[in-house]
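Asks: build the 3D model from these lines:
(chains A and B)
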Amino acid sequence: MKDTIITAKRKRTEIISISVCFALAVLINIGCIIYYKTTFYEIFTQMGYTLVITLVLYLVWILLRLLGRLFKKR
Amino acid sequence: MGALAAGAMLFPWLTACTPEKQKDAAGGKARLGIIGTGSRGRFHLANLLEDDLVQVVAICDDYRPHLDEAAAMCPGARLYSDYHALLEDSEVDGVVICTPLSMHSQMTIDSFAAGKHVFCEKALAWSVQQLTDMYSAWKASGKVLMVGQQRLYDPKYVKAMELVAGGAIGQVVGIRNYWYRNNDWRRPVDDPSQERRINWRLYQQYSRGLMAELACHQLQNGSWAMGGLRPDYVSGTGSIMFYKDGREVFDNVAAIYQYPNGVHMTFDSIIANKHFAMGEQILGSEGTIDLVRGVMYSEQPRRRAGLRQMLEQIEQGILSNAAFAGSSWVTEAPGTDKGIRFVDNVSVVDGASSVGFSGDGSVELMHAYALAVITGVQPAEIVEEACWSTLLALLGDEATRTASRIDIPKDLFE
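Replies: Sure, this is the predicted structure:
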């Protein structure tokens, strides 16, 4: 099995991607709090759901990038 | 008994169980005789043998196998095959009557005539005439009469009724009772000539069917929850639709009791399906109490987190597009409130047995009877409550058998 190298640039890109996804998830939570008129404590109490949404967004972003690469190769 | 004492303000019969009253009985013994040692009789006997206030001195049954089984449980007791002989036993202070329904009335009246206190299983009587005769005999006797309506002593029912009276569920708008089983209600009979004696519940001559054997317990909830208000009339229906084995009582019944304030109470029973087992529910404008499970639900439960509401809406949006129904048809889902359990250690059974189960108030009820026998103090209003439960059951049975509406007389127990 070959060693793989993750470049510093790739690491930075992925950290930025996951941070953006987390920020989006937090914004969705805040949007729900405002829309459903619930308490802002939910920013913290619903952190589990926020992290799940973060993961889902990040996976969607990975999928989109993979599809983009496939189209570019053609 | 602590929880019971706390509810004493609302439930007058519980004042006979206060710590002071228990002190009055300290050192005393209630010397009891059991009349009828079938399954229910032996269930009570087992509880009584555990009670320090009780000495079971005599047992009676004219069916030898049952008497022998009971005798094995309390070897010191005198055995009788005729209840009249037991009533002549001067060492018996009070009797516990656990015989077929049709015998309750005469045995109770004879017991009072013999100067004994009486505990009689529910339902109290086979007919309204028998019931009023029993009530009159009790009034004239000055003796204690207790009835096997154990919910009156069940802490979770006491707590529930405190909640209802305190307005925790708002205005009472309905009472829903059901009791479902999946068994034929038959007992094994070795000798065919004993069929009607052993399976007396199945024959109209001795029994008033599901209304007397099951509904009688649940109908009491209505009186409790409605604060003593009594229904004006009952209508009902029923049939033998599954167990066509020669029985005379219905295997399914439904009865509706209408109160003067417009509220109605239902009782529904089928003994060929047990999925929903049993339920006793007080429906209020602001909440619901599930008496059997000891849980109170709110009509307006605490709102869920915004994020979860959004996710649920997305989920509902996906499911509502399912092809099995058009957009005009949407199921009305039950409330989502998980409820508040208002008592601990609730035991729930599937309703398969009519004998009784632990934690249902039976132990407290028999202890209260023992106290009453020793002190001679009749727990207040318990007889009236029991008479009303039996009356509602009997008239409900009449309504189901005749598929008609029966007016309920309100002046029988004054």
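Asks: CA only for contacts and neighbour counts going forward, please
Replies: OK.
Asks: who in chain B is up against chain A?
Replies: Selection of chain B residues close to chain A by Cα under 8 Å from any Cα of the partner chain yields B:305, B:306, B:307, B:309, B:310.
Asks: give me the neighbour count for residue A:66.
Replies: 12 (other Cα atoms under 10 Å in any protein chain shown).
Asks: check residue A:51 too.
Replies: Using other Cα under 10 Å, residue A:51 has 15 other residues around it.
Asks: helix, strand, or coil at it?
Replies: helix (DSSP: H, G, I helix; E, B strand; the rest coil).
Asks: do you know how far it is from chain B?
Replies: With distances taken as Cα to the nearest Cα, to the nearest Å, residue A:51 is found 12 Å from chain B.
Asks: list the contacts for that residue?
Replies: A:22, A:25 (Cα atoms under 8 Å, 6 or more residues apart in numbering or on different chains).
Asks: pLDDT value on it, please?
Replies: Looking at residue A:51, its pLDDT stands at 96.
Asks: same question for residue A:4.
Replies: Per-residue pLDDT puts residue A:4 at 89.
Asks: okay, and it sits in which element?
Replies: Residue A:4 is part of no helix or strand, with elements assigned from DSSP states H and E.
Asks: can you name the element that comes right after the helix or strand harbouring residue B:397?
Replies: Applying DSSP H and E as the criterion places residue B:397 in helix B:382-402. For helix B:382-402, the succeeding helix or strand toward the C-terminus, using DSSP H and E, is strand B:405-407.
Asks: can you list the strands that that following strand pairs with?
Replies: With DSSP bridges as the test, strand B:405-407 is paired with strand B:233-239 (antiparallel).
Asks: can you redo the residues of chain B next to chain A as CSV with neighbour count, distance to residue B:241 and pLDDT?
Replies: Formatted as CSV, the residues of chain B next to chain A follow (neighbours: other Cα atoms under 10 Å in any protein chain shown; distance: Cα to Cα, whole Å; pLDDT from 0 to 100):
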residue, neighbour count, distance to residue B:241, pLDDT
B:305, 21, 49, 87
B:306, 25, 50, 89
B:307, 23, 50, 89
B:309, 15, 46, 87
B:310, 19, 48, 89
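Asks: in contact with the residue most central in space within chain A, which residues?
Replies: Nearest to the geometric centre of chain A sits residue A:21, at 2.6 Å (Cα atoms, centre = their mean). Shown in contact with residue A:21 (Cα under 8 Å, 6+ apart): A:54, A:55, A:57, A:58.
Asks: now the element after the host helix or strand of residue B:159, going C-ward?
Replies: Using DSSP H and E, the element containing residue B:159 is helix B:155-165. Next helix or strand after helix B:155-165 toward the C-terminus (DSSP H and E): strand B:172-180.
Asks: show residues contacting the following helix or strand past that following strand.
Replies: As assigned by DSSP H and E, the chain's next helix or strand after strand B:172-180 is helix B:195-198. With contacts defined as Cα under 8 Å, 6+ apart, helix B:195-198 is touched by B:187, B:189, B:202, B:203.
Asks: mind picking the two most distant members of those residues?
Replies: B:189 and B:203 (14.8 Å; Cα to Cα).
Asks: in terms of neighbours, single out the busier of these two.
Replies: Neighbour count, other Cα under 10 Å: between residue B:189 and residue B:203, residue B:203 has more, with 17 against 13.
Asks: and the pLDDT for that one?
Replies: The confidence metric pLDDT takes the value 97 at residue B:203.
Asks: how many neighbours does the residue lying closest to it once chain neighbours are set aside have?
Replies: Leaving out its chain neighbours, the residue that sits closest to residue B:203 by Cα to Cα, 6 or more residues apart in numbering or on different chains is residue B:248, at 5.0 Å. Residues lying near residue B:248 (other Cα under 10 Å) number 17.
Asks: what does the one 4 residues further on give?
Replies: Counted with other Cα under 10 Å, the neighbours of residue B:252 add up to 23.
Asks: pLDDT score for the residue nearest to the centre of chain A?
Replies: 97.
Asks: now the one 4 residues further on
Replies: At residue A:25, the predicted lDDT confidence score is 97.
Asks: what sits against it?
Replies: Contacts of residue A:25 by Cα under 8 Å, 6+ apart are A:50, A:51, A:53, A:54.
Asks: if you set the cut-off to 10 Å instead, what comes out?
Replies: Residues in contact with residue A:25 (Cα atoms under 10 Å, 6 or more residues apart in numbering or on different chains) are A:19, A:31, A:47, A:49, A:50, A:51, A:52, A:53, A:54, A:55, A:56, A:57.
Asks: circling back to that earlier point, let's have the contacts of helix B:195-198 in JSON lines, adding distance to residue B:164.
Replies: What follows is the contacts of helix B:195-198, written out as JSON lines (distance: Cα to Cα, whole Å):
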{"residue": "B:187", "distance to residue B:164": "39"}
{"residue": "B:189", "distance to residue B:164": "45"}
{"residue": "B:202", "distance to residue B:164": "36"}
{"residue": "B:203", "distance to residue B:164": "38"}
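Asks: ok, those residues vs chain A, which is closest?
Replies: Top of the list for closeness to chain A, among these and by Cα to the nearest Cα, is residue B:187 at 56.0 Å.
Asks: ok, residue A:21 to chain B distance?
Replies: Distance from residue A:21 to chain B, by Cα to the nearest Cα: 16 Å.
Asks: looks to me like that residue is in a strand.
Replies: No - Residue A:21 is assigned helix when assessed by three-state DSSP, not a strand.
Asks: grab the nearest non-local neighbour of it.
Replies: In space, residue A:21 is closest to residue A:54, 5.2 Å off (Cα to Cα, 6+ apart).
Asks: show me what contacts that neighbour?
Replies: A:18, A:19, A:20, A:21, A:22, A:23, A:24, A:25, A:26, A:48, A:60.
Asks: can you give me the helices in the chain?
Replies: I went with chain A, as the question did not name one. For chain A, the helices defined by DSSP state H cover A:8-35, A:42-45, A:47-73.
Asks: oops, wrong one, chain B.
Replies: Assigned by DSSP H, the helices in chain B fall at B:2-6, B:19-24, B:39-49, B:64-73, B:83-87, B:101-113, B:128-141, B:155-165, B:195-198, B:209-210, B:216-225, B:306-319, B:362-375, B:382-402.
Asks: same list, those, but as CSV with distance to residue B:284 please.
Replies: What follows is the helices of chain B, written out as CSV (distance: least, Cα to Cα, whole Å):
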stretch, distance to residue B:284
helix B:2-6, 23
helix B:19-24, 34
helix B:39-49, 35
helix B:64-73, 45
helix B:83-87, 47
helix B:101-113, 34
helix B:128-141, 32
helix B:155-165, 8
helix B:195-198, 42
helix B:209-210, 27
helix B:216-225, 10
helix B:306-319, 26
helix B:362-375, 28
helix B:382-402, 22
